[in-house]
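Undergrad: Here you go, sequence then predicted model.
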6 protein chains.
Amino acid sequence: MRPSGRQANQMRAVAIERNVAMKAEGSCLVSFGNTKVMVTASVETTVPGWMRGKGQGWVTAEYGMLPRATGSRNRREATAGKQTGRTQEIQRLIGRSLRAVVDMQALGEAQITLDCDVLEADGGTRTAAITGAYVALADAIRWMDERKLTKGKALRDSVAAVSCGIYRGAPVLDLDYLEDVEAHTDANFVMTGAGKFVEIQGTAEQQPFSRDELNALMTLAEQGIGELTHIQQAVLSA
Amino acid sequence: MRPSGRQANQMRAVAIERNVAMKAEGSCLVSFGNTKVMVTASVETTVPGWMRGKGQGWVTAEYGMLPRATGSRNRREATAGKQTGRTQEIQRLIGRSLRAVVDMQALGEAQITLDCDVLEADGGTRTAAITGAYVALADAIRWMDERKLTKGKALRDSVAAVSCGIYRGAPVLDLDYLEDVEAHTDANFVMTGAGKFVEIQGTAEQQPFSRDELNALMTLAEQGIGELTHIQQAVLSA
Amino acid sequence: MRPSGRQANQMRAVAIERNVAMKAEGSCLVSFGNTKVMVTASVETTVPGWMRGKGQGWVTAEYGMLPRATGSRNRREATAGKQTGRTQEIQRLIGRSLRAVVDMQALGEAQITLDCDVLEADGGTRTAAITGAYVALADAIRWMDERKLTKGKALRDSVAAVSCGIYRGAPVLDLDYLEDVEAHTDANFVMTGAGKFVEIQGTAEQQPFSRDELNALMTLAEQGIGELTHIQQAVLSA
Amino acid sequence: MRPSGRQANQMRAVAIERNVAMKAEGSCLVSFGNTKVMVTASVETTVPGWMRGKGQGWVTAEYGMLPRATGSRNRREATAGKQTGRTQEIQRLIGRSLRAVVDMQALGEAQITLDCDVLEADGGTRTAAITGAYVALADAIRWMDERKLTKGKALRDSVAAVSCGIYRGAPVLDLDYLEDVEAHTDANFVMTGAGKFVEIQGTAEQQPFSRDELNALMTLAEQGIGELTHIQQAVLSA
Amino acid sequence: MRPSGRQANQMRAVAIERNVAMKAEGSCLVSFGNTKVMVTASVETTVPGWMRGKGQGWVTAEYGMLPRATGSRNRREATAGKQTGRTQEIQRLIGRSLRAVVDMQALGEAQITLDCDVLEADGGTRTAAITGAYVALADAIRWMDERKLTKGKALRDSVAAVSCGIYRGAPVLDLDYLEDVEAHTDANFVMTGAGKFVEIQGTAEQQPFSRDELNALMTLAEQGIGELTHIQQAVLSA
Amino acid sequence: MRPSGRQANQMRAVAIERNVAMKAEGSCLVSFGNTKVMVTASVETTVPGWMRGKGQGWVTAEYGMLPRATGSRNRREATAGKQTGRTQEIQRLIGRSLRAVVDMQALGEAQITLDCDVLEADGGTRTAAITGAYVALADAIRWMDERKLTKGKALRDSVAAVSCGIYRGAPVLDLDYLEDVEAHTDANFVMTGAGKFVEIQGTAEQQPFSRDELNALMTLAEQGIGELTHIQQAVLSA
C-alpha cells in the first residue's frame, strides 16, 4: 500500500498552468501532487561564443530550489557561493532532455534558457521540471514563430519525464517524497511524445536491481509519460 | 499623471495570501500590484555560534529574485557564485526591519530566517518583501507560541514598508517600475504599526532633493504604511 | 554628556591633507578625530564596456579597511575571498554620492575610481570617506582639465557627509565609536555644498524614532555639512 | 565496422596493475585500451560529522583529469576554482557504485576515499574508474582486515562498469573516443559480480532510442561486465 | 650611474615611525625611500586549531597593497575574490622570516599576526615590510611581557631584509622601482642581527648569473642589513 | 649517515621516460628516487591577450599533486576551490626557470604550457618537475621545429634543478622526504647546462645559516646539476 493510497500505476494529480510570468516568452507552474515548479523560458537572440556564426541555436536550463521548499530549510546556493553537484546534475539533465526535441537549425541563432525553480518539493522535482519546461519552451517557440525568428518547425516532438521505483518490493509509478526515501531502486525516464527514450537513469539505493525489475519500471514509465503527453497537448491547445 | 493612472497618494492593489508553503512555519505570497514575492519563515531552535548561551534569539533574512522576474533575464546568483551588492543590501535591510519589532529575550534561543524570493518584479520588491515578511514572521511566532517555545510576547509591534519618490516633479506613493526608472528621488520607508520610523533611505537619482521634498515623501509614506498595517492586521486575524 | 566632552552640535577635529599619494591623480588623508581614511582618485581613459561609445564618463568607489583599523583584528577581505555586505553597501554609497555632483557628459569617456582605505576607525568612516573623496575627485578633475581631457565644467557642486544620532536621549552631531555603539538611532546624511540632500539613511538601532527626532538630526546635519564644505573649499584653494 | 577494427561485442584490452602508489592503502592503474586511470584508496579512521557515533562507515570518490589527458589541453580545475558539472556527476556516480557493494556496519567508523585521476582519456574514463576503484577498495579493506579494523565481511560483492552505444546503427560494447563522439545513444552500466544492476544511465545524443535498442545494449553490457569481473578476480587473487 | 644618483652600496633613506596605529599592540610606518608600508602586530591569545594544547605560539603575516600604491591602479584583491600568487609568496616569506627569530615556547599559546599594507610602492616592498614587521613584533612582545603573557625571552634575535641586483652590469644595494624593472638579476636577503641568513632568494630576470655575481650581492646585503639593524635598534630604544 | 645510506654528495636514482602521454607535444615521467612527476608540454598557437601582436611567445607552468601522493591524503585543490600558496609558488618557479632558457622571439606567437603533476611525493617534487619539464619542453620545441612554427633556435640552453640542505650538521645533496623534514636549512638551486644560476632559494627552517654553509650547498648543487644535465642530454639524444 502506497502512503498516498494510490494504485501502483497511478500518477499524482498533475496540473500545468501556462503564462504565469508576465514578462517571459513562455512560462508555467507545473505541479505533480504537492511538488510545484515554476518554469520560465527566456529567448535571447544571441548564442554563446562557441556557437556563433553556425546559423544554429541552443537550449539550456537552470534549476534551483527555494530554501524552504523542503521539510527543513536548505542553505541558499547563492549564499553558499556555488551550486551543489545535485543541482548541476539536474539542470544538465533538463537541458539535454529538451535539446533532444529541438531542431537547432530551425531555431536559428537564438538561445532559449529554461529556468526551473522549485517552490515546493515532494519528490519528482526533476521530472516535473522537464514536463513543465516543454510547455514553456513550446510557448517560447510560438512567440518566436509569430515574430518570424524561426526557420521552419523548430520542435520535432514533445518530451516529458516521470520517476518510477521499487517501493516495498513492488514497482510503482511517480514516487512522492515518502516513497522516494524508502524505495530500494529509483529510476527517472525521459521520453518523447512518440514513445521513444531520451534518457533513462536507474539507481540502486539499497540493493541492486534485476533486469526484470527494470523492465517493470519501464512499462510503468511508458504509461505515465503517455498520460503526461496528453496533459501537455491539452494545455497547449487550450 | 502616473503611468498607471493612480492618484499621487494611491497605493497599488496589495494582497497577502497566507500559508502558501506547506512545510514552513509561516509563509505568504505578497503582491504590490504586479510585484509578487514569496516569503517563508523557518524556525530553527539553534542560534549562530556567536549568540549561543545568551538566552536570546535572532531574526535574519535572505533575498533572491528568480532570473526572469524582470523584463530581461538576469544571471542566476547561484551560477555567478555570489550575491550582488544590491541583494546583500536588501536582505540586510529586511533583517534589520524585522528585528526592530522582535523581543529577542522572549524569542529564546531560536533563529527565524525569512526567505524572500521575488517571483515577479515591477518596482518595490524590498518594501513588499518587508511587508510580507512581517506576516510570515507573525505566523512563525504563533507556531512557536503554540509549542511553548517562546518566553512571553515576542512581537512588540508590526512593521511594514513602502517607497515614495519625486516623479515628474510631484511626490508620489508606492513607485512602480516605470516610475522608479524615471523618478529623480527615491526613498524607502520602514515604519511600525505605531507610526514610528525603523528605517529611512532616501537617494537622489538625478538631482539632489530639498528638505521640503523629503517632508512631502514622509507624509505620503505615513499614509501608505497606515494602509499596509491595516491589511496585515486583517490578514492575520482572518 | 558625550564621552569626548563635545557639545551636542560639535564636530570632531576634521583635517584633510592633500596629495599624499605620489602617483595618483588626486589623493588625500582625511581625518574626523581618530578616524583616518586614505583616499586616492585614479583616472582611466576607458569606461566599462556597457558605457562605451556614449561620450560620457563614470565615477565609482571602492572601500576597504586595514585589518587592525579596529580594536580587535578583522579578517582581511582579500583572504576571506569576498567583500562583506557592509563593505559593498558603503562603497556603493560613496560612488552614488560623488556621481551626484559630476556632469558625466563634461567628464567625457573616462572613469575615475575613488579608493577609500580606512587606516584607523573610530566611527564615521563612510562619512569621512565621502568628504575626503570629494577633495581627491576635485584634484583628479583639475588634473584632467589641465590636460584638456574634460569637456567643460565636470563638477557641478561639492559634496560632504556626516552622521548624527540619538545618544542617551539627545540628538548629537558626528558620532564617534563609543557613541555609535550606544546610540538608539544612527543616521548618515550626504549633502551638497548648496545644501541639498544627496542621500539620507536613518536606522533605528534599538527603538524606532519619531519624525521630530529625525528633524532634529537633519538640522544638526545641515550645520555639520556646512562646516565640512568650508574645510573642503579652504583645502582646495590652498 | 568499428574504427579500432573490434567486433561489436569486443572489449578493448583491459589491464589492472595493483599497488602502484607506495603510500596508499590500496591502488591500481587501470587501462581500457588507451584510457588510463590511476586510482588510490585512502582509509581514514574518522567519518564526516553527520555520520559520527552511528558505528558505520562511508565510501566516497573524487575524480579528476590531468589537463593534457585529452587531444587539446583542458583548463585545470584547481586553477578555474571549481569542478565542472561533469566532474561532479562522475564522482558522485563512482561513489554510489562502490557504496552499493559495501556493508557500512562491517566497515565500522571509517571512511575510504577513492581518488580516480585520469592520466590519459580515450573514452570510458568513468567506467574504467569504477572498475579499477573496486580493486583499490578491495585492497584497502584487506589492509583494514589485517589490522582488525573491520567488523566482519565489509565487501558484499564486486562491482564493475562498461559503456555501450548505438554506433552507425549497431549496438557496440565499450565505446572508445571516436565512437563516443559519433554514437547516437550512449549508455553506462554499473553491475555487480552477481549480475545485478547498480546503475544504468542511457542518453540519446542525437535521436531518441527504442526499448529494443536499450535491450540490445543491456545484453552487451552483461557480457562485458562478466569479463571485467573475471579480470578483477584474477588480479585480486594474484 | 643609478637613476637616483646613489652609490652602488648606498641604501635609500630609511625611516621607521613607531606606534602609528592607536589600537594595535605594535605598529610602525616603515619607509625605504618612496616605498611606504604600514605594519600592525595583533596579539590573539588563541592559536590555530592544529597548534592547540602544545603550549607554544605562532607568528604569521598578511600582505596587501592599496590599489593605487603603484603607477597605474591595480585591481583590489578583495574585489577580485582572491590574493594573487605574488601576494601569497610575499606573505609566506614575511611569516617565515619573523618566525626564525621567535622562541615559540616562550611565546606561549598566543598568535601574533603582522599585517603589512603597502601605502606607496617604489620597489623593495617585501624587504621594507620584513624590516618594519620586526619592530612591530618587538613592540607586541613587549606588550605581552608587561602583561606576563610570555614565558621568558621570546625574541632570540632581530631580523631585517634588503634586495640587491645586477643593474647595468654592476651589483647595487637596495633596488628602487626603476632599477628593479631593468636589473638582470634580483635577489632578496633576509638576515638576523647576528649576521646569519634566514632566507635568500635570487632570480635571474633576463640572463643567468654566476657564483661570483651572487657573492658580490651577498657582500652588499651584509652591509645593508647591518645598517638596517642599527636603525631598528635605535628606534626600539627611543 | 643519511636514512637512505647515500653519500653526502650522492643523488638518488634519476630516471626520465619520454613520450608517456600519447596526445601531448612533449611529455615525460621523471623520477628522483621515489618522487615521480608526470610532465606534459602543450603547444597552443595563441598567446595571452597582453602578449598578442608582439611576435613573441610565452612559456608557463602549472603544478598539481594527486591527493594521495603523500603519506596521508591531502585535500584535492579542485574540491577546495583554490590552489594553495605553496602550489602557486612552485608553479611560478617552474615557469620562470624554463623561460630563462627560451628565446621568446624565436618561439613566435605561441604558448607552451608545462603541466607537472606529482604522482608520488618523497621530497624534491619541484626540482624533479623542473628537470623533467625541460625534457618535455625540448620535445615540444622539436615538434614545432618540424612544423616550421619556430623562427630559429628557440632553446638557448638546458635547465635543471636540485635541492641541498644541512642535515644533522652536514651539507647533503638531493634531500628526500625524511631528510627534508629534519634539515635545518633547505635550498633549491636551478641552473643552466652552462653552469650558471637561474634561481636560488635558501631557507632556514630551524636556525639561520652562515655564508660558509651556503657555499657548501652551492658546491654540491653544481655537481648534482651537472649530473642531471648529462641525463637530460642522454635522454633527448636517445
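TA: Received the coordinates, thanks. If you're wondering where the values come from, they're calculated on a predicted model, not measured in any experiment.

Undergrad: use CA for all of it now, contacts and neighbours both
TA: Noted.

Undergrad: Following the helix or strand harbouring residue A:86 in sequence, what is the next regular element?
TA: Using DSSP states H and E, the element containing residue A:86 is helix A:85-99. Downstream of helix A:85-99, the next assigned helix or strand under DSSP H and E is helix A:104-107.

Undergrad: For that following helix, output the C-alpha coordinates as CSV.
TA: Provided in CSV are the C-alpha atoms of helix A:104-107 (Å, rounded to 0.1, in the frame of the first residue of the first chain):
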residue,chain,number,x,y,z
MET,A,104,18.7,23.7,-33.8
GLN,A,105,18.9,24.7,-37.4
ALA,A,106,15.3,25.8,-37.4
LEU,A,107,15.8,27.7,-34.2
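
Undergrad: Settle this for me: residue A:115 is touching residue A:62, isn't it.
TA: Yes: using Cα atoms under 8 Å, residue A:115 and residue A:62 qualify as a contacting pair, with a distance of 4.9 Å.

Undergrad: So which of these two has more stuff around it?
TA: Neighbours were counted for residue A:115 and for residue A:62 using other Cα atoms under 10 Å in any protein chain shown; residue A:115 has more, 28 against 22.

Undergrad: so how far is the helix holding residue A:86 off the chain centroid?
TA: 9 Å (Cα atoms, centre = their mean, to the nearest Å).

Undergrad: what angle do it and helix D:85-99 make?
TA: Put simply, helix A:85-99 runs at 110 degrees to helix D:85-99, going by axes from the mean of the first three to the mean of the last three Cα atoms, to 10 degrees.

Undergrad: contact partners of helix A:85-99?
TA: With contacts defined as Cα atoms under 8 Å, 6 or more residues apart in numbering or on different chains, helix A:85-99 is touched by A:58-64, A:114, A:126, A:129-130, A:133-134, A:159, A:190, A:198-199, D:85-86, D:88-89, D:92.

Undergrad: Is it correct that residue A:200 falls within a strand?
TA: Yes: under DSSP: H, G, I helix; E, B strand; the rest coil, residue A:200 sits within a strand.

Undergrad: Can you give me the neighbour number for it?
TA: The tally of other residues near residue A:200 (other Cα under 10 Å) stands at 20.

Undergrad: Nearest residue to the middle of chain A?
TA: Nearest to the mean C-alpha position of chain A, counting by Cα atoms, centre = their mean, stands residue A:130 at 1.2 Å.

Undergrad: what about it, which helix or strand?
TA: helix A:125-146.

Undergrad: Show the pLDDT at residue A:45.
TA: If you check residue A:45, the pLDDT there is 86.

Undergrad: ok, now which ones touch residue A:151?
TA: Contact partners of residue A:151, counting by Cα under 8 Å, 6+ apart, are A:105, A:106, A:107, A:108.

Undergrad: For those, pick the one with the most neighbours.
TA: residue A:107 (25 neighbours).

Undergrad: Give me the packing partners of the longest helix belonging to chain A, helices and strands only.
TA: Looking across chain A with DSSP state H, the single longest helix is helix A:211-236. With contacts taken as 3 or more Cα pairs under 8 Å, 6 or more residues apart in numbering or on different chains; DSSP states H and E, helix A:211-236 sits against strand A:14-18, helix A:125-146, strand A:159-167, strand A:170-173, strand A:185-192.

Undergrad: Tabulate the ones you listed (TSV), appending mean pLDDT.
TA: Compiled in TSV, those are given as follows (pLDDT from 0 to 100):
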stretch	mean pLDDT
strand A:14-18	98
helix A:125-146	98
strand A:159-167	97
strand A:170-173	97
strand A:185-192	97
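
Undergrad: most tightly surrounded among these?
TA: strand A:159-167 (a mean of 29; mean count of other Cα atoms under 10 Å in any protein chain shown).

Undergrad: now the angle from the helix holding residue A:86 to helix A:125-146?
TA: Using the same axes, to 10 degrees: helix A:85-99 against helix A:125-146 is 40 degrees.

Undergrad: residue with max distance from the center of chain A?
TA: Distance from the C-alpha centroid of chain A, by Cα atoms, centre = their mean, peaks at residue A:53 (29.8 Å).

Undergrad: hang on, the earlier thing: how about the helices and strands packed on helix A:211-236, which one is nearest chain E?
TA: Of all the helices and strands packed on helix A:211-236, it is helix A:125-146 that lies closest to chain E, at 32.9 Å by Cα to the nearest Cα.

Undergrad: Report whether the closest one contacts chain D.
TA: No: using Cα under 8 Å from any Cα of the partner chain, no contact is recorded between helix A:125-146 and chain D, whose separation bottoms out at 14.9 Å.

Undergrad: Which strands or helices does that helix pack on?
TA: If you count contacts as 3+ Cα pairs under 8 Å, 6+ apart, helix A:125-146 packs onto strand A:14-18, strand A:26-32, strand A:35-44, helix A:85-99, strand A:111-120, strand A:159-167, helix A:211-236.

Undergrad: Can you tell me which of these is nearest to residue B:185?
TA: strand A:35-44 (32.0 Å; Cα to Cα).

Undergrad: and the closest one, which strands flank it?
TA: Pairing partners of strand A:35-44, with direction, according to DSSP bridges: strand A:26-32 (antiparallel), strand A:111-120 (antiparallel).

Undergrad: residues making contact with the next helix or strand after that strand?
TA: Going down the chain from strand A:35-44, the next helix or strand is strand A:58-65, by DSSP H and E. With contacts defined as Cα under 8 Å, 6+ apart, strand A:58-65 is touched by A:47, A:87-88, A:90-92, A:94-96, A:98-99, A:104, A:107, A:109-120.

Undergrad: now residue A:238, what's its secondary structure?
TA: Taking three-state DSSP, the label given to residue A:238 is coil.

Undergrad: neighbours around residue A:79, how many?
TA: By the criterion of other Cα under 10 Å, residue A:79 has 17 neighbours.

Undergrad: Please identify the buried residues of the host helix or strand of it?
TA: For residue A:79, the host element (DSSP H and E) is helix A:77-80. Under the neighbour-count criterion of 16 or more other Cα atoms under 10 Å in any protein chain shown, helix A:77-80 has A:77, A:78, A:79 buried.

Undergrad: Show residues contacting it.
TA: Applying Cα under 8 Å, 6+ apart, the external contacts of helix A:77-80 come out as A:83, A:84, B:77, B:78, B:79, B:81, B:82, B:83.

Undergrad: and the residue of chain A nearest chain C?
TA: Taking Cα to the nearest Cα, chain A has residue A:81 as its residue nearest chain C, at 10.4 Å.

Undergrad: and that residue, how many neighbours does it have?
TA: Residue A:81: 15 neighbours (other Cα under 10 Å).

Undergrad: thought residue A:167 was touching residue A:182?
TA: Yes: contact status for residue A:167 versus residue A:182: in contact at 6.8 Å, counting by Cα under 8 Å.
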